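Enquirer: Generate a structure from the sequence data that follows.
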Amino acid sequence: MDILKLDEVPQPDKERSGLRTEESPSSEPAIDTSALTAPSAVSSEPAEIESDPAKTLELKPKIVEQLATVFDPEIPVNIYELGLIYDIIVDVNGLAVIKMTLTAPNCPAAVTLPAEVQGKVKSIDGVTNARVDLVWEPPWDKDRMTDAAKLQLGIFD
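Expert: Okay, here's the model as predicted:
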């Protein structure tokens, strides 16, 4: 049996693998992953934005509609109905800030859900950019779920 030496493995052919190169323009990726690769801010606290009530009122229904298409991979209910979205704020320039939590700090979707939320919100007409602030206070519990979500999951209190 041969032993694979990683330093001797040739780099993948970018043309064949479908990876983007700097020289060849191609369509945008299906999911915005900038939330995963962007350098972290100097401060651990995200910058607060000044909410524009008119912009928020205009865009919030569209944002909620998009959030209802994002599902926790382990629970067959969308994240809005699960009560994972704590706040939606839009400023005068169209920056949407979504404050959300996860069902648990060690949630396996901790990397993918915020990136998916950011990408879907950024795709809305009128939203110039989107930021997802992951918060842990107050902690999530099943009481944050809508009645429809509880019914769908068979939770009867």
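Enquirer: Double-check that Ala109 belongs to a helix.
Expert: No - under DSSP: H, G, I helix; E, B strand; the rest coil, Ala109 falls outside any helix and is assigned coil.
Enquirer: On the three-state scheme, the residue lying closest to it once chain neighbours are set aside is what?
Expert: Nearest non-adjacent residue to Ala109, counting by Cβ to Cβ, 6 or more residues apart in numbering: Pro73, 5.4 Å away. (C-beta placed from N, C-alpha, C; glycine too.) Secondary structure, three-state DSSP: Pro73 is coil.
Enquirer: helices and strands around the longest helix along the chain, which ones?
Expert: Ordering each helix of the chain by length in residues (DSSP state H) puts helix 53-67 first. Here helix 53-67 touches strand 85-90, strand 95-100, helix 112-122, going by 3 or more Cβ pairs under 8 Å, 6 or more residues apart in numbering; DSSP states H and E.
Enquirer: who does the first one pair up with?
Expert: Read that as strand 85-90. Partner strands and pairing direction for strand 85-90 (DSSP bridges) are strand 95-100 (antiparallel).
Enquirer: Give me the contacts around the partner strand.
Expert: Applying Cβ atoms under 8 Å, 6 or more residues apart in numbering, the contact partners of strand 95-100 are 46, 49, 59, 63, 67, 79, 84-91, 113-114, 117-118, 121-122, 124, 127-135.
Enquirer: Can I get stretch 150-157 in CSV? Just the C-alpha atoms.
Expert: Only the C-alpha atoms of stretch 150-157 are listed here, as CSV (Å, rounded to 0.1, in the frame of the first residue of the first chain):
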residue,chain,number,x,y,z
LYS,A,150,-44.5,24.4,17.8
LEU,A,151,-47.4,22.6,16.0
GLN,A,152,-45.2,21.5,13.2
LEU,A,153,-42.7,20.0,15.6
GLY,A,154,-45.3,18.5,17.8
ILE,A,155,-44.6,20.7,20.9
PHE,A,156,-47.7,21.2,22.9
ASP,A,157,-47.4,23.2,26.1
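Enquirer: Could I get the average pLDDT for it?
Expert: Across stretch 150-157, the average pLDDT comes to 85.
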